[in-house]
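Engineer: give me the fold of what follows.
(2 chains)
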Amino acid sequence: MTIRFVLFVNKQGQTRLAQYYEHLSLDERRALEGEIVRKCLARTDQQCSFVEHRNYKVVYRRYASLFFLVGVDSDENELAILEFIHLLVETMDRHFGNVCELDIMFHLEKVHFMLEEMVMNGCIVETSKQNILAPIQLMEKTS
Amino acid sequence: MALSGMRGLSVFISDIRNCHNKEQERLRVDKELGNIRTRFKNEKGLSPYEKKKYVWKMLYIYMLGYDVDFGHMETVSLISAPKYPEKQVGYIVTSCLLNENNDFLRMVINTVRNDIIGRNETFQCLALTMVGNIGGKEFSESLAPDVQKLLISSSCRPVVRKKAALCLLRLYRKNPDVVNIDGWADRMAQLLDERDLGVLTSVTSLFVSLVSNNVEAYWNCLPKCVRILERLARNQDIPQEYTYYGIPSPWLQVKTMRALQYFPTIEDPNARRALFEVLQRILMGTDVVKNVNKNNASHAVLFEALALVMHLDAEKEMMSQCVALLGKFIAVREPNIRYLGLENMTRMLLVTDVQDIIKRHQAQIITSLKDPDISIRRRALDLLYGMCDVTNAKEIVEELLQYLDTAEFAMREELSLKAAILAEKFAPQLLWYVDVILQLIDKAGDFVSDDIWYRVVQFVTNNEDLQSYAATKAREYLDKPALHETMVKVSAYLLGEYGHLLARRPGCSPKELFAIINDKLPTVSASTVAILLSTYAKILMHTQPPDVGLQQQILTIFKKYESYIDVEIQQRAVEYFELSRKGPALADVLAEMPKFPERESALLKKAEDAEIDTAEQSAIKLRSQQQTSSALVVADHPPANGFAPPVNNLTLVKMPSQTVSDTQESGVSYEEAPKPPVEAPKENGTPVEVQNRDTNITEINNEIKAEPPSTSHSTSPGDLLLADLLGPLAIEGPPAVEQNPAQGLNANQSPAGDLALATLDDQSNSVQPIVNVEEKFHILCTKDSGVLYEDPYIQIGLKAEWRAHHGRLVLFLGNKNTSALTSVRALILPPSHLKMELSSVPDTIPPRAQVQVPLEVANLLASRDVAVLDFSYAFGTSLVDAKLRLPVVLNKFLQTITLTPEEFFSQWKALTVHSLKVQEVVKGVKPMPLSEMANLFMSLHLAVAPGLDNNPNNLVACTTFFSEATRAMLCLIRVETDPQDRTQLRLTVASGDQYLTFELKEFIKEHLVDIPRTQVAPPRAAVQPQLPTTAPATYNDPASCCQDVHVEQPRKSWRSVVSMRILNRERA
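Structural biologist: Okay, here's the model as predicted:
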């Protein structure tokens, strides 16, 4: 188990997407998200992208008004996760074109599906944008 | 069509987005949930599109943090939908809303399985993804075989196989048995040859998990991993879509190097060379570039390579390169690189000895301690803590103390603890240690636990040359305006104990010390007040000659605190007040504190806990993994010989003390049974060889009996003690010459010598025992330890313990020669009523060594059959074979019991069935007084109850017999003797089991009768005259009844014996 959760949060602290790879109760999720978001949103660009929180290590990255936070185990390779966040953003960008917060909100199902194609059971399953987007294009054709 | 279907979702999301506060959002959410609930109740009216829309809304609401506790059935039912769009929604939302323990999942296991084994690739992917994310134990048991087939199938496309790999990983984590290691090592090796990088990425994740649990099964995969790295490093055959900013699949590179870190070492020179070439290229070829993404990706690979180099404990030169590289990283502007540089340096400290090289970067690391980023500061603190030793402790600790002035709240506690620990571990001088701790209390008193200042007190108390200095420093701190209470405590304590050493210094007279400490009294807590009161008493004691003014002030304070609310304070005040008025006693009671015993620091234990709490968990985990790997390596080489090694000389040296214990026990037994039974009759179940041996030994016994009785009676316990002491040591005696086996016999056995020599003539190649085996057997029947067998080459000793119907014996096989005994073999030939288990016997007994062989016994039912030990060995050209009876006899399972007369008679009368109470007239009895017979019974564990029978010529005994069949069963015995004729008596035995009754009667007869003879029914007339004399009127047995029983006895015995044999055979 490496990736334990993926969160998309805007700068006001509102959650736009939440995916957990281990079972947490709803109260645990709320508490965790609240604490982590407060910590990460308060940091500046001059600070590194890694924050320790309880038994997690949070790797985060900011794009315009959105923060992407990934919770991992302490011994995970942080830079690999940092670039995985970027890969995710680039994949969404390729599909939506200049992806922004509204795209994520109003196309929740597609974003979820992209994430499912990239991460499975806490592990990276695919890093080819082409392969990640193929099922979504198939979905659009059939619907 | 689809667009109109999702319009409701868009409208809902817009509404949520337009809410101005949380309350409005909640109202809107509740409204929507109510609407969805209503629509789901009327499920028939829902179109597939509408259902899909509502499910997405539920997911969105759930994601916002609201509880969605309905609609799970509708979500799960979409999994069974025939069309892709609905099925896709069902699978994805189920993964998000439900967890593996949800009952609804059980309903769709079959549907999911059908999708997995079906031919539709998109359905297969959906199913595998869901199972991979939330599959539980039931999924694991149901689906693992099918998922494995998909993974290794050549007809499956990569898009399915990559998901099968991670799905299998999930199922493996739920139930490790699904992956059979024997078959999977080869499959994994093949999978790692995969060309498709998507599948390879997934397979590598699966491999990391498998190898982390069982590294020795996957050694053949190691070269495959190296080949993957070579392929990626040289950018061979890497599709453009897997190249990230010019770097071939950085995530796969990282994952592969992670897998290699689970192998403890790389032995194959080819693989090792190839791997180090790749690592060298990565370490030396990675440059800092302007593109931040490329930079991050390349450094992700670089840091993983560093970790792998550390793990492999490569050459010193490569390690130096790594440290130099990390030294550059901790100085760059990019904060992520700085963070990781510090973190990896800390890890490097744990795995290799490069501390000196790291120290060159100490100044830079200290600079990082003041970095604007708390994450980096924390890493720097951990690194400084880890790299500290005697040579640089002073500098580092002083830096930490200086930093403490400006550190933020979150860091101060950890900082204080680390500074205290380092000061204690690496203090160059104790003076410096005292300085550091006092500074620590001054700067961060809130975070300095009592453990820390207690430690200072211990050091000062135990080191006289510290005392004056510590008191001086305490005095200085008391002048500070804003003093932490902990500082008041430690200063007051130190000045109370050692303030008198400063008496002649300006400002340090007792009166002045008292005044400055007393200034703090009004503002401190109760626990500190207690310390101050003790300090005042000590100051008073040290002030000689007494200062009346000071004394008056202190006594006034004591008087005041006698009514303080805290009981502890009250008690101290009262006691100190009274003590102060008894001049001489005060000095004795308040004398200087003695030295503390040296013990492990409580601080170090706290440090271990602290390390777990901090982010160093990863380093600890890494170390733990390596330890696990080492353990696995050790397990690869189990001892070739499964047997315990032969007993060495050390054990032999221990024998004397053991012998003393045995001798004492033997002495007691000897006194209890001065004349143990000489022999037992032969049994049909005994092997023929034993019968022959018995015959020979019987003849020898006859010769021995020719000795004058006074000679045998003259044996004293002292002689027995000496004999037993020498017994075990006989193993060390010189080996007897084969041609003179009689040499070991003592003078008392000289009459047997001729017979032994005669036997030798008949069997010139056989080795004869040098002890009377039959006699040894009988001795051991009533003793629990001794020698069972001995010949010129080997001695077999025996030691036994008995409990209820279980016995534990140990055979001691001692080699008496200076060369080994070979082809050693020992078998137990158990009778049907005993369950016996003999431990393995080594094939060889080394010279002058003794081997212990445990033997477990369980008694199943009553029987007089005897177990036989078939023992053989080879010495040179001689092959010795001995069949020895083992003293596992009926009395070993008897336990004495004391009954009151009422108890005895009630039990006696209750047994009215003839087969349970058996009576027999025994002839041919060895003449012996009744007291001697009583002793014989006691040695057999039959408790004689004197006075129970009115007739002084009769004997009554009782005992408890243990077996698996009868458990604990009471046995009653009555012997009626005729003073006129000691060679005959009437024996009655009763118990609740007819077989036990019969066997016990026969057992007792064997010990009473001198020489076994065939039982012949006596003439009727011969019995008649004795009855009136021996039958007491108080018993229920009428004379006529006795006659009847007697007449029928032979026939009944015969029937019982036959029945028992049949029963034994059936049980077997």
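
Engineer: okay, CA-based contacts and neighbour counts for the rest of this
Structural biologist: Fine.

Engineer: convert the C-alpha atoms of the helix or strand hosting residue B:12 to PDB, please.
Structural biologist: In this assignment (DSSP states H and E), residue B:12 forms part of helix B:7-18. Provided in PDB are the C-alpha atoms of helix B:7-18 (Å, rounded to 0.1, in the frame of the first residue of the first chain):
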ATOM      1  CA  ARG B   7     -28.200  18.300 -16.800                       C
ATOM      2  CA  GLY B   8     -29.800  17.700 -13.400                       C
ATOM      3  CA  LEU B   9     -26.400  16.900 -12.000                       C
ATOM      4  CA  SER B  10     -24.900  20.100 -13.400                       C
ATOM      5  CA  VAL B  11     -27.800  22.100 -12.000                       C
ATOM      6  CA  PHE B  12     -27.300  20.500  -8.600                       C
ATOM      7  CA  ILE B  13     -23.600  21.200  -8.600                       C
ATOM      8  CA  SER B  14     -24.200  24.800  -9.600                       C
ATOM      9  CA  ASP B  15     -26.600  25.200  -6.700                       C
ATOM     10  CA  ILE B  16     -24.100  23.900  -4.300                       C
ATOM     11  CA  ARG B  17     -21.500  26.100  -5.700                       C
ATOM     12  CA  ASN B  18     -23.700  29.200  -5.300                       C
END
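
Engineer: and the longest helix anywhere in chain A, which residues are buried?
Structural biologist: Looking across chain A with DSSP state H, the single longest helix is helix A:78-96. Under the neighbour-count criterion of 16 or more other C-alpha atoms under 10 Å in any protein chain shown, helix A:78-96 has A:78-92, A:95 buried.

Engineer: would you mark the buried spots in the lowest-mean-pLDDT helix or strand in chain A?
Structural biologist: Every helix and strand in chain A was compared by mean pLDDT, DSSP states H and E; the lowest is helix A:129-142, with a mean of 84. Of the residues in helix A:129-142, A:129, A:132, A:133, A:135, A:136 count as buried by neighbour count, 16+ other C-alpha under 10 Å.

Engineer: surely the last one touches residue A:110?
Structural biologist: Right, residue A:136. Yes - taking C-alpha atoms under 8 Å as the definition, residue A:136 is a contact partner of residue A:110 at 7.0 Å.

Engineer: could you give me the average pLDDT of the helix or strand containing residue B:515?
Structural biologist: Assessed by DSSP H and E, residue B:515 sits inside helix B:510-518. Averaging pLDDT along helix B:510-518 gives 89.

Engineer: which strands and helices sit next to that helix?
Structural biologist: helix B:485-498, helix B:526-542 (3 or more C-alpha pairs under 8 Å, 6 or more residues apart in numbering or on different chains; DSSP states H and E).

Engineer: contact partners of the last one?
Structural biologist: The set of residues that contact helix B:526-542 without belonging to it, under C-alpha atoms under 8 Å, 6 or more residues apart in numbering or on different chains, is B:485, B:488-489, B:492-493, B:495-497, B:499-500, B:510, B:514, B:517, B:521, B:546, B:550-551, B:554, B:558, B:566, B:568-569, B:572-573, B:576, B:580, B:586-587, B:590-591.

Engineer: just the buried ones from these?
Structural biologist: Among the contacts of helix B:526-542, those classed as buried by 16+ other C-alpha under 10 Å are B:485, B:488-489, B:492-493, B:495-497, B:499-500, B:510, B:514, B:517, B:550-551, B:554, B:558, B:569, B:572-573, B:576, B:580, B:586-587, B:590.

Engineer: can you map out the helices along the stretch 751-900 of chain B?
Structural biologist: B:773-782 (DSSP state H, counting those that start in this stretch).

Engineer: what's the first-to-last distance across stretch B:66-74?
Structural biologist: 18 Å (C-alpha to C-alpha, to the nearest Å).

Engineer: may I see the buried residues of that stretch?
Structural biologist: Buried, per 16+ other C-alpha under 10 Å, within stretch B:66-74: B:66, B:71, B:72, B:74.

Engineer: in terms of helices and strands, where is the last one?
Structural biologist: In this case it means residue B:74. Element membership of residue B:74, judged by DSSP H and E, is helix B:72-77.

Engineer: what's that helix packed up against?
Structural biologist: helix B:48-63, helix B:84-97, helix B:104-107.

Engineer: which stretches in the stretch 201-350 of chain B count as strands?
Structural biologist: B:243-244, B:247-248 (DSSP state E, counting those that start in this stretch).

Engineer: sorry, back to before: which of the buried residues of helix A:129-142 come close to chain B?
Structural biologist: A:129, A:135 (C-alpha under 8 Å from any C-alpha of the partner chain).

Engineer: residue B:275: which of the buried residues of helix A:129-142 is nearest?
Structural biologist: residue A:129 (29.7 Å; C-alpha to C-alpha).

Engineer: contacting residues for that closest one?
Structural biologist: Taking C-alpha under 8 Å, 6+ apart, one finds A:91, B:241 in contact with residue A:129.

Engineer: quick revisit: next, format the strands of the stretch 201-350 of chain B as a markdown table and append mean pLDDT.
Structural biologist: Converted to a markdown table, those look like this (pLDDT from 0 to 100):
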| stretch | mean pLDDT |
| --- | --- |
| strand B:243-244 | 91 |
| strand B:247-248 | 91 |
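
Engineer: deepest in the core, which of these is it.
Structural biologist: Comparing those on average neighbours per residue, with mean count of other C-alpha atoms under 10 Å in any protein chain shown, the densest one is strand B:247-248 at a mean of 22.

Engineer: the strands in chain A, which residues?
Structural biologist: A:3-10, A:15-20, A:50-53, A:56-63, A:66-72, A:119-120, A:123-124 (DSSP state E).

Engineer: could you pull out the helices for the stretch 351-500 of chain B?
Structural biologist: With DSSP H, counting those that start in this stretch, the ranges of helices along the stretch 351-500 of chain B come out as B:355-359, B:362-368, B:374-387, B:393-404, B:409-426, B:430-444, B:450-462, B:464-477, B:485-498.

Engineer: mind exporting the C-alpha coordinates of the fifth one to CSV?
Structural biologist: By that I understand helix B:409-426. Extracted C-alpha coordinates of helix B:409-426, given in CSV (Å, rounded to 0.1, in the frame of the first residue of the first chain):
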residue,chain,number,x,y,z
PHE,B,409,6.1,26.0,19.6
ALA,B,410,5.6,22.8,17.5
MET,B,411,9.3,22.1,17.4
ARG,B,412,10.3,23.0,20.9
GLU,B,413,9.3,19.8,22.7
GLU,B,414,11.1,17.5,20.3
LEU,B,415,14.1,19.9,20.2
SER,B,416,14.4,19.9,24.0
LEU,B,417,14.2,16.1,24.3
LYS,B,418,16.8,15.6,21.6
ALA,B,419,19.2,18.1,23.1
ALA,B,420,18.8,16.4,26.5
ILE,B,421,19.5,13.0,25.1
LEU,B,422,22.5,14.0,23.1
ALA,B,423,23.9,15.8,26.1
GLU,B,424,23.6,12.7,28.2
LYS,B,425,24.9,10.3,25.6
PHE,B,426,27.9,12.3,24.4
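
Engineer: I'm done for today, thanks for sticking with me.
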